[in-house]
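*Asks:* Sequence and predicted structure, then a few things I'm wondering about:
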Amino acid sequence: MVKTAVVYGAGQTGRGYVTRYLKEKGYQIMFIEKNKQLIQYLNEDGGYAIHFYHKDRTPVLISHFHAYSLADELRPLLLEADLVITSVGEENLHEVATSLTKHLTENEIPQLLTCENGINPASVLKRSLQKNMATDKDFLVSQTAVFCSTVNIDETRLDILSQNETYFPYDAEGFKGALDFDGAVPVTDFENFLKRKIYTYNCLAGLISYLGYVKGYRIYSEAANDPEISEIMELLLKELNPALADYFNIPLEEQQAFSQKALAKFKDQFILDYVIKNGRAARRKLGSTERIYAPYQILRERNYSTEIMALVAGAALTYLEMIEYEGENFDPSKELSETLHLDEQNDFIKQSVAFYRQIKNEEESLRLLNLLEN
Ligand SMILES: NC(=O)C1=CN([C@@H]2O[C@H](COP(=O)(O)OP(=O)(O)OC[C@H]3O[C@@H](n4cnc5c(N)ncnc54)[C@H](O)[C@@H]3O)[C@@H](O)[C@H]2O)C=CC1
Ligand SMILES: O=P(O)(O)OC[C@H]1O[C@](O)(CO)[C@@H](O)[C@@H]1O
């Protein structure tokens, strides 16, 4: 019998990453999307292609799907689903929970699988469902860690450019049975696994995107290859690698290899990606469990230098102000204090805001390395 998968979020990852695993296993694919134009394109075109950066794989053609809006009658579709996947951004998972709650009862919630960055997006979705349904039921919510970069091909309506990534780790504790995807690898203690990805790989990605943004870069790999940004990454890794090896209780060489792999990927000029895209949802990324503040704390607790992480936070505040607040009514101390639930006099906040002000004052003549003391 044909299995059905519902994908919340038909964006870059939902449309360009998740679906190729589903296609390989013959799933019937259904999208639930918020963006009306995307729904229209999906239903009018009925198909699109996923291309691969290094031309190392034949493009995958996805067709025979239908896209629904959140306002549609989704109950029959959700009741039939063998698997419901989300790829909407962790900050939007509560809306997915609201949609599921609207159409299903607690005993009808199917197997869920999040494809989001975050240290435990599955638990974010699960807690949201439990809150909505006023229950402590242990819903089946699994999660993956997405190591694959995927971008829209802007010259087309739906086509996608992606990495030929075939490794699909998933949270074994949130999954009933085994995930049937090619490349699926069950992992236990998934929060720890995701933390390591977020504090290494996404920490570097945050550094590249926010420092790249304040230096005026548009293309992500160009920012990653900027001599100053490269040097700052090397300086950071000298201390972050041993700090994370200690925090995760793993051999230093293993941690060094993990961060070098991320660095090599981010510097690969064939992997076309954008600074603005990688910086998005800056408020989420400035959060206490995320890629800037958590590594800052891990470094600080081990008496390593923390100023690079504060510099990245200062640059992220600049991004947040200009891109997400469009330059208006922005109070960086208040913003960080509310995001981190810390007093405005906290060291991290004072240091980050000082970097934010220096970045704004220096603008064109900005020399990042000159801002660092040590
Ligand atoms: N694009 C990439 O290279 C990578 C993305 N990710 C993760 O994948 C997730 C999605 O990211 P992208 O695909 O890049 O973003 P995207 O912005 O391209 O796609 C997200 C889609 O979700 C839709 N959406 C938002 N809220 C929704 C809701 N409540 N119901 C239905 N649809 C909703 C949006 O309209 C959008 O089309 C994020 O959690 C991100 O961290 C992780 C690693 C790589
Ligand atoms: O929503 P986020 O956290 O920026 O996640 C998307 C990004 O994650 C990455 O995998 C690495 O940071 C990028 O390739 C991608 O743009």
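*Replies:* Structure's in. What do you need? Ligands and ions are numbered 1, 2, ... in the order given.

*Asks:* My understanding was that residue 195 contacts residue 117; is that so?
*Replies:* No - at 11.5 Å, residue 195 does not count as touching residue 117 under the criterion of CB atoms under 8 Å. Every C-beta, even on glycine, is put in place using the N, C-alpha and C of the backbone.

*Asks:* sec struct for the residue in the stretch 151-300 of the chain that ligand 2 sits nearest to, please.
*Replies:* Closest residue of the stretch 151-300 of the chain to ligand 2, CB to the nearest ligand atom: residue 205 (3.2 Å). Three-state assignment for residue 205 (DSSP: H, G, I helix; E, B strand; the rest coil): helix.

*Asks:* now residue 142
*Replies:* Classification of residue 142 using three-state DSSP returns strand.

*Asks:* count of neighbours near it?
*Replies:* 21 (other CB atoms under 10 Å).

*Asks:* follow-up on the earlier one: count the neighbours of the residue of the stretch 151-300 of the chain closest to ligand 2 for me.
*Replies:* Residues lying near residue 205 (other CB under 10 Å) number 23.

*Asks:* Apart from its neighbours in sequence, what residue is nearest it?
*Replies:* Once flanking residues are discounted, residue 205 sits nearest to residue 278: 5.6 Å by CB to CB, 6 or more residues apart in numbering.

*Asks:* what do you get for residue 2?
*Replies:* Using CB to CB, 6+ apart and skipping the chain neighbours, the partner closest in space to residue 2 is residue 28 (5.3 Å).

*Asks:* Is the one you found in contact with residue 5, as I believe?
*Replies:* Yes - the criterion here is CB under 8 Å, and residue 28 meets it with residue 5 at 7.2 Å.

*Asks:* These two: which has the busier surroundings?
*Replies:* residue 5 (24 against 16).

*Asks:* what's the spacing between stretch 130-142 and its chain's center?
*Replies:* Put simply, stretch 130-142 sits 23 Å off its chain's centre (CA atoms, centre = their mean, to the nearest Å).

*Asks:* can you tell me if it touches ligand 1.
*Replies:* No - Stretch 130-142 does not reach ligand 1 (CB under 6 Å from any ligand atom); its nearest approach is 13.4 Å.

*Asks:* which of the residues in that stretch are buried?
*Replies:* Buried residues in stretch 130-142, counted by 16 or more other CB atoms under 10 Å: 130, 132, 133, 139, 140, 141, 142.

*Asks:* how much space between the first one and ligand 1?
*Replies:* Right, the one you point to is residue 130. Residue 130 is 18 Å from ligand 1, where distance means CB to the nearest ligand atom, to the nearest Å.

*Asks:* Name the residues that touch whatever helix or strand that residue lives in?
*Replies:* Take DSSP states H and E as the rule and residue 130 turns out to sit in helix 121-133. Identification of contacts with helix 121-133 by CB atoms under 8 Å, 6 or more residues apart in numbering yields 86, 90, 93-94, 96-98, 100-101, 106, 109, 112, 114, 118, 136-139, 141-143, 171, 174, 190-191.

*Asks:* List phi and psi for residue 210.
*Replies:* Note on residue 210: its backbone torsions stand at phi -80, psi -40 [degrees, to the nearest 10].

*Asks:* number of nearby residues for the closest residue to it other than its chain neighbours?
*Replies:* In this structure, residue 210 finds its nearest non-sequential neighbour in residue 315, 3.7 Å apart by CB to CB, 6+ apart. Neighbourhood size, residue 315 [other CB under 10 Å]: 29.
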